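Output the structure for:
(chains A, B, C and D)
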There are 2 protein chains.
Amino acid sequence: MASLKDIAEASGFSIRTVSRALKGIGYVNEATRTRVLEAAGKIGYQPNRFARSLRTKKSYEISAVALSIDELHMAKIAAMEQILRQSGYVVNLIFGLQSNDGQEKTDFLNEVLSHRPAGVALFGGFGVDLKRYTDQIEQSGAQYIVFDTREKDVDSVRIDRQQGVYDAVHYLAKKGKRRIAYLGQQHDRSRLDGYERAIAELSLEKILVQPFLDAKDENLKWRQAARTLAEMNPRPDAIQAYSDTVALSFLAGLHDCGLRVPEDVALVGFDGRSMAEFASPPMTTVAQPNAEVGQKAAEILLKKIAGEPTPPEGWSVNVPSRLVVRESA
Amino acid sequence: MASLKDIAEASGFSIRTVSRALKGIGYVNEATRTRVLEAAGKIGYQPNRFARSLRTKKSYEISAVALSIDELHMAKIAAMEQILRQSGYVVNLIFGLQSNDGQEKTDFLNEVLSHRPAGVALFGGFGVDLKRYTDQIEQSGAQYIVFDTREKDVDSVRIDRQQGVYDAVHYLAKKGKRRIAYLGQQHDRSRLDGYERAIAELSLEKILVQPFLDAKDENLKWRQAARTLAEMNPRPDAIQAYSDTVALSFLAGLHDCGLRVPEDVALVGFDGRSMAEFASPPMTTVAQPNAEVGQKAAEILLKKIAGEPTPPEGWSVNVPSRLVVRESA
DNA sequence: TTGTAAGCGTTATCAC
DNA sequence: GTGATAACGCTTACAA
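Next up, the predicted model:
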């Protein structure tokens, strides 16, 4: 592969001049520049990243770390990659080991850092030790951003789930629904908070549909919860579900009970997974703003890497989720 | 960050000796080795990839290139990454630009190669020029593997769709179905071939259900095709669909027509997307062997990079798809 | 405006 | 067995 030296020889200038002409930094005679660029083009020059990183002690790689693969993660990473690529960065992907052992996760992070990324984008699932991991990343000289974590003390691009569910409940009320239930566990707060806030504003009755806990697997837990709903009297006429997967399992249960969607019960999911679009009927859902989240994460990383001072409000940012209306509600 | 020099100073040996002790290559006194390892551990040494790559002219990065993001792609990449990471490689992700302009795609590949990957894993969608791209990759000194392409002259890990559909049709016949239809376009061959082969063996009637071409969008094209099926006399009692998305759009159409699945019509999808699992009813599907495909792709890349001679049968390989039985059939 | 020389952290070549 | 030393391709002082 061609190097600066090759261009220097081909164009008759020194390496230094060639370098400056190519990067457009410093004073270079216009005639020299064109001759250098011409030579570089003819020879098919591509700068050597390894040499550059070695010399400048700067990396141009961002590691995206997730403990599991997921459609929603990927959408965020893809959006992030578009931005980072434009700034000359490469995104590398590191998927977690299956183990839940804490020790292993530390080694895992060490492995990530051994590649000397300029930045690390972390997905959740690291549990309460997240702060320890981000500290370790910073200590290694890299910057980090976390995707959508509940942990408070870390820089993160968070999704405003509360407001999305709040909007959805108002949407349902506007469509004439009066008995709007929430389907999910009581201890998962953010969505539930949005639900409760809207219900209170609308002076409606708060109705909670819980999973059927004796079920054999996760899917049946929610599918069989539909029976609970079917037997309620009066029956809810709308459901906001915790997630798309929960909503679709529940939808199967509604079919089992002979209840029609949206005629008998309107149904709104959460997440905006592709499966919602292909459900029968296509499901209305509060979509995660993946593109915006990925973009924001990239921008924050770039700023932190560039050494910009922390803004007064900190690096963390909230992005709103948005209702995607289809046929189920 | 600590370098070999630091360890050399700390342990009292030369850089060269330290290097050999750490890599376990060549003759090193056992006592020296332990002292060196100790010093390296204490100092927290991590080798500098950039220096190593610069010196050896070898890259330890594999670029996974896709023109679009997709759950199935990601599952393959994730599997590939597990293997490659164990061999010290990093997988970096490059998603295509939206444009369909040929020129842009060439530049795009140039950009990929400018990062000097040791190997490139390509997903389809590059059209008939695929061979040109793989040639360009090899010319740059990198190795390549293509995921599941129809193009003949390139090394690829291919999915045996024919056999998967063949198995599914036999499965349907064994469950007593006698009027098994294929839902899809006539010009997409691989799945259709498997269908036709099985139908011929079983001496059943070949029935093709085509999309409703006047529909407004892709989804409705298949959803409205259900009407066609509903009006057939006698009506098919089972469907093998071209894909999961097609099958689910069609399923919505079946619901529209008041037909029950699997009681009135059994339905089998293709791809093994997560949406199939969450359909109502959970959908039987011929799943793509993503894990195996990714693993094979990684193994082939590693062998090609290691300079192993091309085996007599070439580098390409076929992996079987497999029927995942759920409730829809 | 351009050229020379040093150095980033490795690995490879050669002596000792 | 071990130690100097050069080289990979680039950037950055500094000199011309």
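
Going by C-alpha atoms from here, please, whenever you check contacts or count neighbours.
OK.

Up against DNA strand D, what does chain A have?
A:1-5, A:15-16, A:19, A:46-49, A:51-52, A:54-56 (C-alpha under 7 Å from any atom of the strand).

mind redoing it with 6 Å?
Residues of chain A lying close to DNA strand D by C-alpha under 6 Å from any atom of the strand are A:3-5, A:15-16, A:19, A:47-48, A:51-52, A:54-56.

Grab the nearest non-local neighbour of the residue in the stretch 201-329 of chain A positioned nearest to DNA strand C.
In the stretch 201-329 of chain A, the residue that lies nearest DNA strand C is A:Ile305 (19.1 Å; C-alpha to the nearest atom of the strand). With C-alpha to C-alpha, 6 or more residues apart in numbering or on different chains as the criterion, A:Ile305 has its nearest non-adjacent residue at 6.2 Å, and that residue is A:Gln143.

pLDDT of stretch A:231-241, averaged?
Averaged across stretch A:231-241, the pLDDT comes to 94.

Give me the buried subset of the residues of chain A next to DNA strand D.
Among the residues of chain A next to DNA strand D, those classed as buried by 16 or more other C-alpha atoms under 10 Å in any protein chain shown are A:Leu4, A:Ile15, A:Ser19, A:Pro47, A:Asn48, A:Ala51, A:Arg52, A:Leu54.

With pLDDT, distance to B:Leu122 and secondary structure added, can I get those residues in a markdown table?
Converted to a markdown table, those look like this (pLDDT from 0 to 100; distance: C-alpha to C-alpha, whole Å; DSSP: H, G, I helix; E, B strand; the rest coil):
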| residue | pLDDT | distance to B:Leu122 | secondary structure |
| --- | --- | --- | --- |
| A:Leu4 | 88 | 30 | helix |
| A:Ile15 | 87 | 36 | helix |
| A:Ser19 | 86 | 33 | helix |
| A:Pro47 | 90 | 23 | coil |
| A:Asn48 | 92 | 23 | coil |
| A:Ala51 | 93 | 27 | helix |
| A:Arg52 | 92 | 27 | helix |
| A:Leu54 | 92 | 29 | helix |
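
Among those residues, which one lies nearest to DNA strand C?
Closest to DNA strand C, out of all of those and judged by C-alpha to the nearest atom of the strand, is A:Leu54, at 4.7 Å.

That closest one and B:Ser53 touch, don't they?
No: with contacts counted by C-alpha atoms under 8 Å, A:Leu54 stays clear of B:Ser53, the gap being 9.8 Å.

Check what pLDDT A:Thr106 gets.
Looking at A:Thr106, its pLDDT reads 64.

Kindly report the same for the one 3 residues further on.
As summarised for this prediction, A:Leu109 has a pLDDT of 83.

Leaving out chain neighbours, which residue sits closest to it?
A:Tyr133 is the one closest to A:Leu109 (C-alpha to C-alpha, 6+ apart), at 7.5 Å.

Got the phi and psi for A:Ser59?
Here is the backbone geometry of A:Ser59 (degrees, to the nearest 10): phi -100, psi 150.

tell me the contacts of it?
A:Ser53, A:Arg116, A:Pro117, A:Ala118 (C-alpha atoms under 8 Å, 6 or more residues apart in numbering or on different chains).
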